[in-house]
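# fold the following for me, if possible:
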Amino acid sequence: MPTLLRPTLLLSLGIYHFFATVFEVVFIDRTPSKLFNLSALRFRGFARLWIHHGEEMSEKLPGPVNQLLQQSKGVVLDIGPGSGEILDRFDASKIIAMYGAEPAPELHPGLLRKAKKAGFGDKYHALLCGGEPESLIPALSKSGVLTSSGTGGTAENGVFDEICCVRVLCGVPHLDETTKGLYHLLKPGGRMVICEHVAVPWRTEGSLAARFVQIVTTLLGWPFFVGCELQRHTLDHLREAAGSEGWEKFDLQYVEPKTMVPFIVGELRKKL
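Numbering: from 1, shown residues only. Coordinates of the predicted model:
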């Protein structure tokens with residue numbers, strides 16, 4: 001039971017930082033009109049949560065994520081890097097250029113600081129955007145990675161050797177469109193590194209009790225206060241992203257499937 005309920009601690013922190021943000025907006029910024037922009041308020045609350053606790057939440061990543069990140073090379077797209085807590089897991093000497101798609105501007109100073117500390121220097125480029133195509137494609141076009149601002153053109157043939165998704169697909173607005181968009185951005189033969197928390201697979205290797213707690217925690221406000229979905233079937237969306245072509249390699253395994261926050265961890269490889 002303690003293992004099942006441990007993530008509720010994060011929910012409590014999310015609630016605290018949301019209301020702390022409300023306090024800042026009203027009494028420090030003195031701009032109460034911002035309270036009517038609930039989306040921006042939640043975004044700022046999540047950024048506050050991550051600034052204060054992102055490092056401790058990233059000390060131990062599930063499964064073989066560290067080894068997979070260590071192998072990354074070439075031109076890499078990192079979706080949702082936050083303030084750069086896991087950048088030191090990469091080997092900067094193997095990477096030609098890395099683009100970090102992070103939609104929270106409050107996290108960019110820490111992100112760039114940690115990129116420099118991890119040895120990336122000028123090779124790291126922070127993009128103010130999310131992982132969904134309507135946000136990511138224009139940002140990549142503006143940065144010069146894509147020759148077209150649409151979803152066609154260069155993106156059709158792929159531009160990245162690797163794409164890393166570590167605890168981010170749970171929060172993108174349109175998961176199906178996002179996974180398909182990332183697939184198109186990947187070069188033939190390119191690799192995706194995946195580490196995402198998902199719905200408890202209670203029918204197979206998971207736990208019915210964990211699934212129940214996951215549902216209750218969702219109803220208590222996890223998506224609102226923590227900023228992500230607990231019950232996504234991300235594995236299915238990733239499998240379907242390749243369409244009829246399929247993946248050359250699809251190696252995703254559940255990590256701690258009997259807990260309230262199980263992960264899928266592994267790598268995918270696009271066909272040549």
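
# what segments of the stretch 51-200 of the chain are strands?
74-79, 95-101, 124-127, 160-166, 186-197 (DSSP state E, counting those that start in this stretch).

# indicate which one of these is closest to Lys270.
Across these, Lys270 has its closest neighbour in strand 186-197 (5.0 Å, C-beta to C-beta). C-beta: built from backbone N, CA, C; applies to glycine.

# tell me which helix or strand comes right after that closest one.
Where DSSP states H and E defines the elements, the next helix or strand beyond strand 186-197 is helix 208-219.

# ok, then the element right after that next one?
Next along from helix 208-219, by DSSP H and E: helix 222-226.

# list the buried residues for that following helix?
222-223, 225-226 (16 or more other C-beta atoms under 10 Å).

# any chance of the strands of the stretch 51-200 of the chain in CSV, plus distance to Leu41, mean neighbour count and mean pLDDT?
CSV is the format used below for the strands of the stretch 51-200 of the chain (distance: least, C-beta to C-beta, whole Å; neighbours: other C-beta atoms under 10 Å; pLDDT from 0 to 100):
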stretch, distance to Leu41, mean neighbour count, mean pLDDT
strand 74-79, 23, 23, 98
strand 95-101, 22, 20, 98
strand 124-127, 23, 22, 97
strand 160-166, 26, 24, 97
strand 186-197, 24, 21, 97
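
# and the ones you listed as a markdown table, adding distance to Thr31?
A markdown table is the format used below for those (distance: least, C-beta to C-beta, whole Å):
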| stretch | distance to Thr31 |
| --- | --- |
| strand 74-79 | 31 |
| strand 95-101 | 28 |
| strand 124-127 | 26 |
| strand 160-166 | 34 |
| strand 186-197 | 34 |
